[in-house]
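> Okay, sequence plus prediction incoming.
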Amino acid sequence: MLIATLIAAETLKKGELNSARDMLVAGGCVIAETGEIIDGRVVDIFFEGSMEDGRDALTSLDGVTDIAVQPAENREKKLLISDMDSTMITVECIDELADYAGIKAQIAEITERAMQGELDFEEALRGRVALLAGLEVSAIQRCLDDRVKIMPGAEILVKTMAQRGAKTILVSGGFTSFAEPVARQIGFERFEANVLGAAQEKLTGALNGPIVDASRKAEILQSAAGKHGLQLADCIAVGDGANDIPMIQAAGMGVAYHAKPKAAQAADVAIQHNDLTALLYIQGIASTDWAKTG
């Protein structure tokens, strides 16, 4: 049995639900049951057929509603692994940090190309960090205070999953200086990111230790699943850029969140219209069961 979950950004109209049912039938799927509309904007359609047929049938709804198609079995995940920049927070930290050095436009252009998968990640990262040499370390805290904002729904997502027993990991191709406080604020139990070199209260323009890149993110996922006795099917991974693709593809549920085209294409689900609480609805967790925050 498969489930198609429709998540409207505001209100799910009955006409949209009927259209989705008709599309599934026209695509060769057999509808077994339609759930009640949850929170006025979410519904599950249970059907038999193939995931590919289900996803193809509902493609035309993408413009107004986020859609997830998945097996009914093992729906609620036991491990969440997520990217940080533009996923759990609203900005790219290196771009904002570069603004304090007066070179945001130069850095942001490289960041965008790396996110699109047009540049080698490590080479692009080291090149951008080198341009920050001489920046006062105090700019990091200023950036955290003034620029870094938590993505809507992030804290509810992480704390709800943790409350229900899931493991939570933040993995970033950015920097520990940002990942540590962000992980603590949102509720991740573990984080891993790159370490900015510093001496005499200034950035050296170098990175210390191994790089957290695309392969390392996937490795962290696989290692964590094994450590906790989980299958990859028990895991959900979320990111937005090319650097997240191996991790997204390895997880049982790979989610591209407001993502670049390559990441969206590689994912099982692309969330375009909703905040991160959509990942709870995908797992069958309605708002009445979300963790209290704030």
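Noted; the coordinates are in hand.
> ok so Thr168 is a strand residue?
Yes: the assignment for Thr168, made by DSSP: H, G, I helix; E, B strand; the rest coil, places it in a strand.
> how near is Ala124 to Ala68?
Per Cβ to Cβ, to the nearest Å, Ala124 is found 32 Å from Ala68. Every residue, glycine included, has its C-beta placed from N, CA and C.
> Met88 too?
On the measure of Cβ to Cβ, Met88 and Ala68 end up 19 Å apart.
> Show residues contacting stretch 68-78.
Residues outside stretch 68-78 that contact it (Cβ atoms under 8 Å, 6 or more residues apart in numbering) are 1-5, 7, 46, 51, 54-55, 58, 161, 164-167, 228, 230, 233-236, 252-253, 268-269, 282-285.
> let me redo that: stretch 202-214
Outside stretch 202-214, the residues touching it (Cβ under 8 Å, 6+ apart) are 121-122, 125-126, 129-137, 171-173, 192-198, 216, 242-247.
> Pick out whichever of Met88 and Ala68 has more residues nearby.
Neighbour tally, Met88 and Ala68, criterion other Cβ atoms under 10 Å: the higher count belongs to Met88, 28 against 24.
> tell me the centre residue of the chain?
What sits nearest the mean C-alpha location of the chain, by Cα atoms, centre = their mean, is Val238, with 2.7 Å.
> Now do the SS call for that one.
Put simply, Val238 is strand when judged by three-state DSSP.
> Over to the closest residue to it other than its chain neighbours. Which of the three states is it?
Nearest non-adjacent residue to Val238, counting by Cβ to Cβ, 6 or more residues apart in numbering: Val255, 4.3 Å away. Following three-state DSSP, we place Val255 in the strand state.
> what pLDDT does Val255 get?
Looking at Val255, its pLDDT is 98.
> All set, thanks.
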